[in-house]
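Engineer: Give the three-dimensional model of this entry:
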Amino acid sequence: MMVVLNGEPRELSEGATVDAAVEISGAPPAGRGVAVAVDGEVVPRGQWQRTELRDGQRVEVLQAVQGG
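Structural biologist: Predicted coordinates for the structure are as follows:
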């Protein structure tokens, strides 16, 4: 299936979850400092493993960074 991950088309396996999207985005696997939205709706970290993605969805993986 195809999703749009951080503005780029990406192919994921059928049944892929938000966890898989976080992993391929390059964000830290533990998800510390990471937020995810699917089609504009924030997905709480506790639901990443059980939130299945569908073809055509837009997934944004955002990572907090420190600096000045």
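
Engineer: How many residues are close by residue 18?
Structural biologist: Counted with other CB atoms under 10 Å, residues neighbouring residue 18 total 24. In this view, the C-beta of every residue, glycine as well, is placed from N, C-alpha and C.

Engineer: Contact partners for it?
Structural biologist: 36, 38, 43, 47-49, 51, 53, 59 (CB atoms under 8 Å, 6 or more residues apart in numbering).

Engineer: One more: residue 12?
Structural biologist: 1-3, 20-21, 24, 53.

Engineer: hmm, try it at 6 Å
Structural biologist: 1, 3, 20 (CB atoms under 6 Å, 6 or more residues apart in numbering).

Engineer: so where's this protein shaky on pLDDT?
Structural biologist: Within the chain, the set of residues satisfying pLDDT under 70 comprises 68.

Engineer: Can you show me the strands along it?
Structural biologist: 2-5, 8-11, 34-38, 41-42, 58-63 (DSSP state E).

Engineer: The third one pairs with which strands, parallel or anti?
Structural biologist: So the one you mean is strand 34-38. According to DSSP bridges, strand 34-38 has the following sheet partners: strand 41-42 (antiparallel), strand 58-63 (antiparallel).

Engineer: Closest one to residue 30 out of the contacts of residue 18, please.
Structural biologist: Distance ranking of these against residue 30, using CB to CB, places residue 48 first at 11.2 Å.

Engineer: Report the separation between the residue nearest to the closest one when sequence neighbours are not counted and residue 65.
Structural biologist: Counting by CB to CB, 6 or more residues apart in numbering, residue 48 lies nearest to residue 18, which is 4.2 Å off, once chain neighbours are set aside. Note on residue 18: its distance to residue 65, by CB to CB, to the nearest Å, is 21 Å.

Engineer: list the buried ones in stretch 1-18?
Structural biologist: 3, 5, 12, 16-18 (16 or more other CB atoms under 10 Å).

Engineer: again with stretch 38-53
Structural biologist: 38, 43, 45, 48, 51, 53.

Engineer: Turn the strands paired with strand 34-38 into JSON lines, columns for distance to residue 28.
Structural biologist: Below are the strands paired with strand 34-38 laid out as JSON lines (distance: least, CB to CB, whole Å):
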{"stretch": "strand 41-42", "distance to residue 28": "18"}
{"stretch": "strand 58-63", "distance to residue 28": "8"}
